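*Asks:* Next come a sequence and a model predicted from it.
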Amino acid sequence: MTGDSAAGNAAPGSAAPSSPVAGRLAVRRAVHRRRRAAGPARLLSARSRALMWSGIALAIAVYVLFGLVPAAATALVSFTDYADFPGAPVHFTGLANYTSMFTVNRPGFMPAVIATAVFVIAVTVLQNVLALAIAHRLVGDTRWNAVMRVVVFLPIVLGVTIVGLIWILFFDPGQGPGSSLWGAFGARSAFFGSASLAMPLVIFVQIWQNTGFSTMVFIGGLKAISPEIYQAASLDGVRAWQRLRRITWPLLAPSVTVNVLLAVVGAATVYNLIYVLTDGQNGTMTLGMLSFNAAFGTSGGANLGYGAAVGTVLFVVTLVVALPLMWYLRRRERRLLA
Amino acid sequence: MIAAPALRRRRATARLLTGVLILLLFGVPVLYITMVAFERSAHFLSSPMTPPTSPDLGNFGTAWSGANLARELINTVVYSVVASGLSTLLALLVAFPLARRLIRGHQALYALLAVGLFLPLSIIPLFIEARMLHLFNNMPGYILLHIEPGMPLGVVLLTAFVLAIPGELDEAAWVDGVSYLRYLGRVIVPLTAPALLITFLYGMLGVWNDIIGPTVLLAATSQNLFPTALGVYSYYGLNESYYTLFAAAVVIVSLPLVLLFAGTQRQLIRASIAGSVKG
């Protein structure tokens, strides 16, 4: 609404300088008409075009310098034995960092591949099912639903570090509510320190952290479905399950695309949450965590070259998984919404 | 239509139950940490699960001064607001000409920027680059290094929003000689406000909650440059008697953000609806 009034304000303000001489205005419009033939940017004055270009250049400079260059450099560093020791010489080592992943020298690599696959699949499936269920419950605009939306969104706001630390406190083996809960069933666990429970718990916390965002996207998607479709379906006596399967789920296709892709990429590249929760111990060393750990970790030991190689493998694998997935989901949208 | 009142009652019960479940799952851990923040350390250690008999505000004062939280809160606000503000501005400056196809190669450039959503952890070269460009361990450098992460999402969102604004609007304004930046500020900014807000808030969250960035891009000795994430983290891992302080620090650090998001949640939902309608 504010937009309309601002657009209205802009017009009189801009018309002011051209109003005095009608002839000059006509000439100007003629010039602009000629310019329009050569593309919309021609409508802009030379000064405006210069400003437009400097804006684009500035944005791209920042993006290239601090986004693309580091990403490309990751690939470069991965071909060296760069180590973070002062004065240590850097050698080009070819593919050594990559080939070593499959040897006994790097026993952590293959388990990390498996841990990443388990983590990504579990998070993507469970997070989307949970988010859809919650979105379905919170889609109505009641006051309680508004409160609950804020609560579900809270973990996103709190951020990875604090969410991680809250759950560490919650599942503290000695003091936490988690151990009281377990104790009620006569069980004990080291939780994040347990070899069997650490991975499920990390999956749980990752889902808990990100469900709020997926829920918002699904609420938006559900609200976009026209209520008339549901009315028609209920007149035809369509049952709840059929309604979900045949109407809601297909029409939610765009939201599903967004949520599945974000969950896959988010889970594949996660490292900060695992860094806080387990530091990659007890079977939770995913590729993202391994990359960080090899380069900066206390146990990995300042091997920036190998860390970069793992990071590059992760990027390529993420892209190889995400791009066909995106292609498939987009095609599915077109098929279902056509 | 048969036995409608019974069905309605059952549905109401189901709604109540699912609502309670959602609140338990997402609210209880947050309530727990808030409760711990009001407990005395001794009480917490002896009976961690029971609420304090008399709420104690002492933790907040101790946490506030102990981890230099005041300084860190100022640092964090400066880092996140400036970096994310610049990030949003740059995203708009490139998204508008892209959406309007004002430049050649707009498709290729859009793809290049969208790839940024997938870029992996590049903290290793970023760390090397930061040291080479003298951006390591100083405030302007730390801000500059945090602008890029928010840009790809901003470009994708803003391009979609600009596409929904009729192009005749720009032509009419430009024919009348309105300057480019004035047009962006007076017309495009208000019309894309939800997308700008989302871009800004997500960018801000990213900087605010970054834990790897400060551990790698700031020296461990420069405590006056630390953001709150490090201060909060410093209370963790000491020992269990510090948990109450840690909880108080979490509450202090999170409160500004939680209030900000509670205040803007309506706009966020509206923006996510607008985004999904466009698909």
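*Replies:* Great, that's in hand. Residues are numbered from 1 along each chain as shown, chains lettered A, B, ... in the order given.
*Asks:* Quick one: neighbours of residue B:107, just the number.
*Replies:* Residues near residue B:107, counting by other C-beta atoms under 10 Å in any protein chain shown, number 10. Quick note: C-beta positions are derived from backbone N, CA and C, even for glycine.
*Asks:* which regions of the stretch 101-250 of chain B lie under the pLDDT threshold?
*Replies:* Applying pLDDT under 70 to the stretch 101-250 of chain B picks out residues B:120-121, B:237-241.
*Asks:* give me the residue from it nearest chain A.
*Replies:* For the stretch 101-250 of chain B, the residue closest to chain A is residue B:209, as judged by C-beta to the nearest C-beta, at 2.6 Å.
*Asks:* and that residue, backbone torsions?
*Replies:* phi -100, psi 0 (degrees, to the nearest 10).
*Asks:* In contact with the closest residue to it other than its chain neighbours, which residues?
*Replies:* Sequence neighbours aside, residue A:159 is the residue nearest to residue B:209 in space, at 2.6 Å (criterion: C-beta to C-beta, 6 or more residues apart in numbering or on different chains). By C-beta atoms under 8 Å, 6 or more residues apart in numbering or on different chains, residue A:159 lies in contact with B:205, B:208, B:209, B:229, B:257.
*Asks:* How about residue B:163: what's its closest non-neighbour residue?
*Replies:* That would be residue B:99: by C-beta to C-beta, 6+ apart, it lies 5.1 Å from residue B:163.
*Asks:* what about the one you found, distance to residue B:251?
*Replies:* Counting by C-beta to C-beta, to the nearest Å, the gap from residue B:99 to residue B:251 is 42 Å.
*Asks:* Same check on residue A:224?
*Replies:* In terms of C-beta to C-beta, residue A:224 sits 37 Å off from residue B:251.
*Asks:* related to what we said a few turns ago, what number of residues lie near the residue nearest to residue B:163?
*Replies:* Residue B:99 has 22 nearby residues by other C-beta under 10 Å.
*Asks:* Stretch B:34-44 near chain A at all?
*Replies:* Yes: using C-beta under 8 Å from any C-beta of the partner chain, stretch B:34-44 comes into contact with chain A via B:36, B:44.
*Asks:* Skipping adjacent residues, who's closest to residue B:205 in space?
*Replies:* Closest to residue B:205 by C-beta to C-beta, 6+ apart is residue A:159, at 6.4 Å.
*Asks:* Just the element for that neighbour, please.
*Replies:* helix A:143-170 (DSSP states H and E).
*Asks:* next SSE after that helix?
*Replies:* Counting by DSSP H and E, what follows helix A:143-170 is helix A:177-184.
*Asks:* residues of that following helix that come out buried?
*Replies:* A:177, A:178, A:179, A:182 (16 or more other C-beta atoms under 10 Å in any protein chain shown).
*Asks:* wait, which of the residues you listed is closest to residue B:147?
*Replies:* Ranked by distance to residue B:147 (C-beta to C-beta), the buried residues of helix A:177-184 are led by residue A:178 at 39.0 Å.
*Asks:* In the stretch 151-300 of chain A, what residue lies closest to chain B?
*Replies:* residue A:159 (2.6 Å).
*Asks:* need the contact list for residue 135.
*Replies:* Picked chain A for this. A:214, A:215, A:216, A:218, A:219, A:221, A:222.
*Asks:* not what I meant, chain B
*Replies:* B:129, B:141, B:142, B:144, B:145, B:217.
*Asks:* A helix includes it, no?
*Replies:* No: secondary structure of residue B:135 (DSSP: H, G, I helix; E, B strand; the rest coil): coil, not part of a helix.
*Asks:* In helices only, show me the contacts of residue A:135.
*Replies:* A:214, A:215, A:216, A:218, A:219, A:221, A:222 (DSSP state H).
*Asks:* Report the mean confidence score over stretch B:34-51.
*Replies:* Confidence for stretch B:34-51, expressed as mean pLDDT, is 79.
*Asks:* Would you mind measuring the gap between the ends of it?
*Replies:* One end of stretch B:34-51 sits 10 Å from the other (C-alpha to C-alpha, to the nearest Å).
*Asks:* Leaving out chain neighbours, which residue sits closest to residue A:85?
*Replies:* Nearest to residue A:85 is residue A:302, by C-beta to C-beta, 6+ apart, at 6.5 Å.
*Asks:* correct me, but residue A:128 touches residue A:260?
*Replies:* Yes: using C-beta atoms under 8 Å, residue A:128 is in contact with residue A:260, at 6.4 Å.
*Asks:* which neighbours do the two share?
*Replies:* Contacts common to residue A:128 and residue A:260, judged by C-beta under 8 Å, 6+ apart, are absent.
*Asks:* For residue B:83, give me its contacts.
*Replies:* Contacts of residue B:83 (C-beta under 8 Å, 6+ apart): B:143, B:144, B:146, B:147, B:150, B:203, B:207.
*Asks:* Can you pick out the ones from the residues you listed that are in strands?
*Replies:* When the contacts of residue B:83 are checked against strands using DSSP state E, none is located there.
*Asks:* Those residues: which ones sit near chain A?
*Replies:* Near chain A, by the rule C-beta under 8 Å from any C-beta, you find B:144, B:147 out of those.
*Asks:* Are any of the contacts of residue B:83 buried, and if so which?
*Replies:* B:143, B:144, B:146, B:147, B:150, B:203, B:207.
*Asks:* my read: the second one touches residue B:79, true?
*Replies:* No: when contacts are counted by C-beta under 8 Å, residue B:144 is not listed as touching residue B:79 (10.6 Å).
*Asks:* Now the closest residue in space to residue B:103 that isn't next to it in sequence: which helix or strand?
*Replies:* Of all residues beyond its chain neighbours, the one nearest residue B:103 is residue B:97 (5.3 Å), with distances taken as C-beta to C-beta, 6+ apart. Per DSSP H and E, residue B:97 falls inside helix B:69-99.
*Asks:* Residue A:105 now?
*Replies:* Per DSSP H and E, there is no helix or strand for residue A:105.
*Asks:* Can you give me the neighbour number for it?
*Replies:* When neighbours are counted by other C-beta under 10 Å, residue A:105 registers 11.
*Asks:* any idea how far residue A:97 is from it?
*Replies:* 10 Å.
*Asks:* now residue B:233
*Replies:* 30 Å.
*Asks:* More neighbours: the two, which one.
*Replies:* residue A:97 (25 against 21).
*Asks:* Next up, the contacts around the closest residue to the more buried one other than its chain neighbours.
*Replies:* Computed as C-beta to C-beta, 6+ apart, the closest residue to residue A:97 that is not its neighbour in sequence is residue A:309, at 3.7 Å. By C-beta under 8 Å, 6+ apart, the contact set of residue A:309 is A:78, A:97, A:98, A:101.
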